[in-house]
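In: Attaching a predicted model along with its sequence, questions to come.
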Amino acid sequence: MKPLIWKELQENARWAAMIVLLFGGYAVSYGRFCMCDSFFAFVSFVGALFGGGLGILQIMYESRGDRLAHLLHRPLSRSRIFLAKAFAGTGLYLTAMGIPFVLFVIRVSTTHLALPFRWETLLPWLADILTGLVYYFAGILAAERQGRWFGSRGLGFSVALLCSFLVWNVSQFWHAVFVILALGGLVAVAAWGVFLTGGDNEQRMPLFAKATLAITVLIGLMVLSVEGKVIAFESIVPRDARISGKSYLLNRAGRLLVLDRSANQVAKVTELDGREIDQFSRSNHDLNTRLYLLFAPAVSGGFPKEGSYRIFGRMYIEYEHKSIPRGERWFYVAEHGRLVGFDIVLNRLLGSIGPDGFSPGEPSKKVRFEGELYFRTNGRFVVPPDCVAFTSGVYAVDFGRREITSLFIPTAGETLLWAGPLQDNTQDSANVVAVTNRSVHIVSNSTGDVIALPLAYDRGDYELLTVYQVEKPQRWVVRYEPSFHQGLAARDTLPQHFVEYSATGQEISRTTVRPFAWHEPTNYQPWFGAVTAPAEAFLLLGTIRHEFIGTSSPSGAFGTNGVCGALCSFVLGSRMNDPGDLSPLAICLVDMLYGILPHPIDLCFGISNRRILNYAAGVLLNGMLGATCCLLLARQYAYSLRQCLIWTSAGFLFGPIGVLVMLAIQHWPARLPCPACGKLRQVTHEICESCGAHQAPPPLDGTEVFESGTDTVEPAFLTKY
Amino acid sequence: MISSDEVDVASLPDPGQSVIRAHALTRYFGNKCAVNGVSFSVPRGSVCAFIGRNGAGKSTTIRMLLGLLAPTRGRSMILGHDSLELPPETRARIGYMAEGHPVYPWMRVSQYGTFQKGFYRRWNQGMFSSIIDYFAIAPRTKAGELSHGQRAGLHLAMTLASEPELLVLDEPDTGLDPAARRSLLEAMIHFTRNRERTILFSTHLLDDVERMADHVMVLDYSVLRVACSVDLFRDHVRRVLAQFSGPPPRELPDIRGLLRATAGENDLTLIVANYSGHTERLLESVGAQTVVEQPLSLEDALVAYIGRHGKKDLFSAGRVES
């Protein structure tokens, strides 16, 4: 095996060298730019391209005819030949992608970068490198497969794309590693199986390898199917038409109005009863400014955060504040519990700011901020508020002057949940809102006085708060919206409350309004049932039910437990309706799946809903079509009863996808007319499936000369004459 | 798809000690039948020439014998093992020169020696070097820079240096100049000095067959027509001259085994396989006054086989070339 590994390394080293030069140079030259999402996207892209390309190159040259024969005719089993290739290929890939990684680590270990480097921040990079291995095996599979259905060659890449998607969106690094191992292992075993047969006869493949090939093809097709449906839905129903653009807002006088930014080209402001009072052209660039002037200043909080190993917020958070001088970067570093500043020109540490003020030098062993820093997430980006808020208090920091001022310290027994500036565009400075587990505190920007507004609704049900500052006379309004952990359907159905307070914090009134559904169910959604196989629908509905509908929802139509529930819990991590950090995967799935599946609101009402009935009928039709096609194919090729049952079941479960899997992994030999009965018979069978006649030997023309006594055909005419 | 009703080739009678045995080997590529029900055996110590026109199915048959390609139907055994399950140690006993002599273009000739050596327990570096030397190949040359003949030499060196028991050569001499061909033949003759060694080679060059082979197989458009010793072949294929009083007839009766018929002014020359008295009587029935057997070289006999037109109907209709 060693010579073969050596040969593979020699043959493909140039590609690896190219990658090392490209990446290594970049990592060494632009170290600090290597710790951002766009660079990781670049790593993912290059890893996929290099991995897939290497796999194809390693196999393609020796995949056919004499070259394949030259490779295979060695005193080595095919498995060992494959192993040698895979060993060399993965080694080259990891070396090429790993050297820049190591160079970067050496660089940041030996020199200062203007960022608080932590080992954990390298995990996304590592995960992206490892993902390339799935593309590598997908490349091998694509190059060696000679399936009758040519399109099935590329389905390994479809699995690899799914792997990338999951690696980018799962919450924990070990989840990402698990996904890579599972999908990479799957494609690798499929590639091994195909290599054993030379790519052209899956019937001789070991059962285990054949099963993995079938799963690879199946997953690949399901990914394409889901993505195809999402694209189709996006094309049929524009985003503007399906996302409800209606929302409640307060004008500066405190009147409750409806802002409608739906599909039409004009944004309208109406009374609650629908009477229009103003409209704006959506193309107007100063729409937002006009809205700011019309509506009361507000600040919101209580949103769940996205929790992911790719978000550095757990380790450090970069502050973007108007007081930060040019040439400086300031971070909150969780390890030190302080704000740490760097000079980005000289790549040196400036010092740190803590509750005790600024101190130069290393931030360790200094006074720490107590509790956790409050920040919001937007996708994978961390958005810290203007004021520095911890569970223990709120501070205003002037980074240029290196000054820190305490704005609000919660009383004993209170825990700060979030804080933010209540910025009025007409004024320079902002009041600060600090929300604790008991009340809303408004810190005056002029006097520093604190007004406390006790929470009017249970925080468990209404976690999402918006605080408005209304005028003439000055008052405060707190809006209560259902918590995210109650589920998407609950958020679209539970009422919202507006509680008005006087300037001194006395409650004046309460108003309850019905919510506007975030996404309206469309009549297109049931039609997607017809292009969704039963197994696919079960998996997707199980996922969406598990992720987006609260456990307290009225429907029992789709169980949240069982296979889907277990899978979701494992792969997705925390559920969308669980308290705590959100899984980015759950958010991605919300965005992708809501259009092509029955709406969560419909799901809540179970099969009594007509849209659900239509969807279920479509799914059944899809399954029946698949089952019929598979059964016909199986009968045509004289499958045994057991095989007929297996493939018909697969056809029903996976619909047309099941038929394509059958076409992709089964052997479809030529069928020629039987000389005895005239019906088509498979050339692989010694006996005709219809009449039982044996395959006829090749016709004799009298020119045959054979050694007597050998197992050759005796020419008939010799005996005749 | 392997049907359960296949014959176990191992259970077939084996009159001599056969190195290769094939039974009803059939291979389809889509709807096209490349090899149709080929059955034969190759005795140990023989030099067996495998002849056929381009596309006749020689390379496909060889690949099936070596287990590099799965047959659609039928089975074969090589050195006592099922071709599809050849263990590595048995494969090490088989030398194989693939058609077209594929090489890794970046690899130097000397590196090839080291590379191949790593696979084989028995590796005769001296033989490798001497064959390389014989073909005037510089060891530092990259394989991609070698001429066609030199590439054949490199392949031969790699194949023979592993000291195989059985040598399978797929058109080893195609595209070689006469000198290179001569070198190749000499190397093969050297190899067969040890009578325990067997060679199966496919070729288009019929004088090589005459010089080298003691067994011959002819594959005629996917169907095996001949598989016997050269002597038996010579014995069964005859050339006869039929004299007529006038011009010979344009149409002949159905003469079984007719390979070629050439018309002269008053005569007709036929090359016939499995010649018998029945053929003579048929010729007399169409007016032949005398029928005389003529000597026929092996090359001419083989040409008669592989030089036939694709459509057999021409012969069965008894048409005569003029």
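Out: The structure has been received and is ready for your questions.

In: Tell me where the model's unsure across the stretch 201-322 of chain B.
Out: The model of the stretch 201-322 of chain B has pLDDT under 70 over residues B:308-322.

In: Sketch out the helices for it, chain order is fine.
Out: For the stretch 201-322 of chain B, the helices defined by DSSP state H, counting those that start in this stretch cover B:206-212, B:230-236, B:277-285, B:298-306, B:313-316.

In: Residues of the stretch 1-150 of chain A that sit close to chain B?
Out: A:2-3, A:6-7, A:10-11, A:65-70, A:72-77 (CB under 8 Å from any CB of the partner chain). For glycine as for every other residue, the C-beta is placed from the backbone atoms N, C-alpha and C.

In: pretty sure A:Met592 is touching A:Val223, no?
Out: No. With contact defined as CB atoms under 8 Å, A:Met592 does not reach A:Val223; the gap is 11.4 Å.

In: Tell me how many other residues crowd A:Gln172.
Out: Neighbourhood size, A:Gln172 [other CB atoms under 10 Å in any protein chain shown]: 14.

In: Need the nearest residue in space to it, chain neighbours excluded.
Out: Setting aside the residues directly before and after it, A:Gln172 is nearest to A:Tyr309 in space (CB to CB, 6 or more residues apart in numbering or on different chains), at 5.7 Å.

In: Roughly how far does the residue in the stretch 101-250 of chain B positioned nearest to chain A sit from B:Asn124?
Out: Among the residues of the stretch 101-250 of chain B, B:Gly118 lies closest to chain A, at 3.2 Å counting by CB to the nearest CB. B:Gly118 is 14 Å from B:Asn124, where distance means CB to CB, to the nearest Å.

In: what's the answer for A:Arg510, then?
Out: As judged by CB to CB, A:Arg510 and B:Asn124 stand 99 Å apart.

In: Name the residue in these two with the higher neighbour count.
Out: More crowded of A:Arg510 and B:Asn124, by other CB under 10 Å: B:Asn124, with 16 against 12.

In: Quick check: the more buried one touching B:Glu163?
Out: Yes. B:Asn124 is within contact range of B:Glu163, at 5.5 Å (criterion: CB under 8 Å).

In: Please list all residues in contact with residue 168.
Out: Unless you meant another one, I'm taking chain A. Neighbour list for A:Trp168: A:Ser44, A:Arg310, A:Pro584 [criterion: CB atoms under 8 Å, 6 or more residues apart in numbering or on different chains].

In: could you do chain B instead?
Out: Going by CB under 8 Å, 6+ apart, B:Val168 touches B:Ile62, B:Leu65, B:Leu66, B:Ile94, B:Gly95, B:Tyr96, B:Met97, B:Ile199, B:Leu200, B:Phe201.

In: Tell me the bridge partners for the last one.
Out: Counting by DSSP bridges, B:Phe201 is bridged to B:Ala49, B:Leu169.

In: how does the chain divide up, domain by domain?
Out: With no chain named, the answer covers chain A. What automatic domain parsing lists as the domains of chain A is A:2-236, A:244-294, A:305-393, A:521-668, A:671-721.

In: was after chain B, sorry
Out: Residue ranges for the domains of chain B, per automatic domain parsing: B:9-221, B:235-316.

In: Between the ones you listed, which one is closest to A:Asp424.
Out: Closest approach to A:Asp424 among the domains of chain B (CB to CB): domain B:9-221, 72.1 Å.

In: Return the list of helices and strands in contact with the host helix or strand of A:Leu249.
Out: If you go by DSSP states H and E, A:Leu249 is part of strand A:246-250. On a contact count with 3 or more CB pairs under 8 Å, 6 or more residues apart in numbering or on different chains; DSSP states H and E, strand A:246-250 meets strand A:256-260, strand A:496-502.
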